[in-house]
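Visitor: Structure for this input, please:
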Amino acid sequence: MNSLKLDNDDDLRNGGAHPGATLAPDSVDRGGLDLATLLPSGRVGGLSREGKPELAQLTFGILPLVDCAPIVVAHAHGHFARYGIESSLNKSTSWTALRDALNSGALHAAHMLFGMPIGAAVGKLGNDQKPLIIPWILSRNGQAITLGEKHRGKIAADPKPLRPLAVAARDIGRPLVFGITLQPGTHAMWLRYWLGAGGIHPDKDVALITIPPPQMAANMTTGRMDGFCVGEPWNARAIADGVGFTAICSEEIWPDHPEKVLAFTEEFAEAHPCAVKATLKALHEASVWCDDPANHDALAALLAQPEYVGASAELIRARLGTGVDYGDGRQRDDLRGVTFSARNANYPQAKFALWWLSQFRRWLMLPLVPDYLGVTARVMRPDFFEAAMAELGIKHGGADRSAEVLFDGCTFDPAAAEAYAAAFSVTSLRS
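Guide: Predicted structure coming up:
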């Protein structure tokens, strides 16, 4: 039974690195990356086991964001139960609270920012953090950068017009303030990348503060912040409250970027491989359901319940699907929007971890060149994913080692992550 419980100005105007440039592969002394070593290896002996979950009663942690939807649906619609899991959900107040609960064992798995398990592997979540793994990507896209009303009509998707305002505020000792949800998290990376593309150094020209997602709009109301990056429905909430507008959606920065994941501690996953596989099977079913536009009204109504997201169904529904009202007169109806299953969304791609490590390097969160391959191989776990889908008879797109092009025209080659990190003009590596 389920229960709920910055250095050339020309380069800056070009958004940091040279637009359209494809970076050369790393030389041997820079640790050129052979991505073939990151293919699934079957290294987990337990994956050959079949049968019921080793532990049936599992508690999943969520934050009140639309992208927790597959977990909620798997719980509420009985998908977990179908695979032998008696599920409980625990709604956390912040990413740090959720991290602590997973670390302590109060949670068995958790809805997490993609950057959190990567951060855990390189010491960015605390010295006592247990190693975490990513066997499943919960969502792609679905985030946004919101700016305060005073910027309406002045700034939109292009961040360059924001630079003189940021520099002027910095020079009088009252820098613009932007909210993020966690330093190594996704929202921090989208905001940093967007600011950097406008010639704004996120650690020198503005101030970044950490705010839990549901409190973002309220902090804008008090005049404490100039903008923030967060998941939905909290960007829509700012528009509804009349305190801000959407400058850019995250998929406009990086189409089909990874966003949230389902994370387990490495320790738990190694000891309970059948429970992990059962969880992934249930999430597959729930994710397919969540992606169907015919179900979006029902999904919004479900997520609106106080034990889940606890925001109005109308606000949630407004940011599901392909259409978006930016709140400043702009509208689009051709976005992919938050994606839960389509286009091989759930496969734990190694290249995403490599991109994340490159950005940790860019902003000097990692003073030394990391073990790109070692960290990635430990955190990203397609072996669990592939085993679970094989048992379901589900075909998937598999590993993708192709390059990624972000909105500033810069190309990320997964085999040249350190060269990519060093190529930007707006960076902390050459400060």
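
Visitor: from here on, contacts and neighbour counts on C-alpha atoms
Guide: OK.

Visitor: what element comes up after the helix or strand containing residue 60 heading to the C-terminus?
Guide: When secondary structure is defined by DSSP states H and E, residue 60 falls within strand 57-62. Moving toward the C-terminus from strand 57-62, the next helix or strand (DSSP H and E) is helix 69-76.

Visitor: buried set for that following helix?
Guide: By neighbour count, and taking 16 or more other Cα atoms under 10 Å as the criterion, the buried residues in helix 69-76 are 69, 70, 71, 72, 73, 74, 75, 76.

Visitor: want to throw those into a markdown table with pLDDT and distance to residue 103?
Guide: What follows is the buried residues of helix 69-76, written out as a markdown table (pLDDT from 0 to 100; distance: Cα to Cα, whole Å):
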| residue | pLDDT | distance to residue 103 |
| --- | --- | --- |
| 69 | 98 | 23 |
| 70 | 99 | 22 |
| 71 | 99 | 19 |
| 72 | 98 | 21 |
| 73 | 99 | 24 |
| 74 | 99 | 23 |
| 75 | 98 | 22 |
| 76 | 98 | 25 |
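
Visitor: Closest one of those residues to residue 267?
Guide: Using Cα to Cα, the shortest approach to residue 267 within the buried residues of helix 69-76 belongs to residue 71, at 21.3 Å.

Visitor: pretty sure residue 250 contacts residue 146?
Guide: No: look at residue 250 against residue 146 with Cα atoms under 8 Å: they stay out of range, at 10.7 Å.

Visitor: Counting neighbours, go ahead and name the busier of those two.
Guide: Ranked by neighbour count (other Cα atoms under 10 Å), residue 250 and residue 146 place residue 146 first, with 31 against 28.

Visitor: For that one, which non-adjacent residue is closest in space?
Guide: Closest residue in space to residue 146, ignoring its immediate chain neighbours: residue 246 at 4.4 Å, by Cα to Cα, 6 or more residues apart in numbering.

Visitor: swap in residue 56?
Guide: Counting by Cα to Cα, 6+ apart, residue 56 lies nearest to residue 85, which is 4.7 Å off, once chain neighbours are set aside.

Visitor: Could you report the pLDDT at that neighbour?
Guide: The pLDDT attached to residue 85 in the predicted structure is 98.

Visitor: any idea how far it is from residue 280?
Guide: Using Cα to Cα, to the nearest Å, we find residue 85 at a distance of 11 Å from residue 280.

Visitor: go on, residue 60?
Guide: As judged by Cα to Cα, residue 60 and residue 280 stand 13 Å apart.

Visitor: swap in residue 205?
Guide: Taking Cα to Cα as the criterion, residue 205 is separated from residue 280 by 42 Å.

Visitor: Show me which of the two is the more surrounded one.
Guide: Just comparing residue 205 and residue 280: by other Cα under 10 Å the higher neighbour count belongs to residue 280, 25 against 22.

Visitor: Contacts only, for the more buried one.
Guide: Residues in contact with residue 280, defined by Cα atoms under 8 Å, 6 or more residues apart in numbering, are 136, 385, 388.

Visitor: ok, now with 7 Å
Guide: For residue 280, the contacting residues are residue 388, taking Cα atoms under 7 Å, 6 or more residues apart in numbering as the criterion.

Visitor: which SSE is it in?
Guide: Counting by DSSP H and E, residue 280 is part of helix 273-291.

Visitor: What residues of that helix count as buried?
Guide: Neighbour-count burial for helix 273-291, counted by 16+ other Cα under 10 Å, picks out 273-287, 289-291.

Visitor: For the helix or strand containing residue 195, name the packing helices and strands.
Guide: Remark: residue 195 resides in helix 186-197, with elements defined by DSSP H and E. Helices and strands touching helix 186-197, as assessed by 3 or more Cα pairs under 7 Å, 6 or more residues apart in numbering; DSSP states H and E, comprise strand 227-231.

Visitor: mind listing the helices for the stretch 151-300 of the chain?
Guide: With DSSP state H, counting those that start in this stretch applied, the stretch 151-300 of the chain shows helices at 162-171, 186-197, 216-221, 234-240, 250-253, 266-271, 273-291, 296-303, listed in chain order.

Visitor: what do you get for the stretch 301-431 of the chain?
Guide: Counting by DSSP H, counting those that start in this stretch, the stretch 301-431 of the chain has these helices, from start to end: 313-318, 350-362, 372-379, 382-392, 417-423.

Visitor: between those helices, which one is nearest to residue 192?
Guide: When the helices of the stretch 301-431 of the chain are compared for distance to residue 192 using Cα to Cα, the nearest one is helix 350-362, at 9.2 Å.

Visitor: just to revisit the earlier point, next one: the residue nearest to residue 146 from residue 375, what distance?
Guide: In this structure, residue 246 and residue 375 are 34 Å apart, going by Cα to Cα.

Visitor: of those two, who's got more company?
Guide: Neighbour tally, residue 246 and residue 375, criterion other Cα under 10 Å: the higher count belongs to residue 246, 28 against 20.

Visitor: Among the helices of the stretch 151-300 of the chain, which comes closest to residue 403?
Guide: Ranking those by distance to residue 403, with Cα to Cα as the measure, places helix 250-253 first at 15.0 Å.

Visitor: returning to what we had before: list the contacts for the residue nearest to residue 56?
Guide: 56, 57, 58.

Visitor: Specify the beta-bridge partners of the second one.
Guide: Here residue 57 sits in beta bridges with residue 86, as judged by DSSP bridges.

Visitor: pretty sure it contacts residue 83?
Guide: No: the criterion here is Cα atoms under 7 Å, and residue 57 misses it with residue 83 at 11.6 Å.

Visitor: most neighbours per residue, which of the helices of the stretch 301-431 of the chain?
Guide: Each of these was scored by mean neighbour count; the highest is helix 350-362, a mean of 24, by mean count of other Cα atoms under 10 Å.
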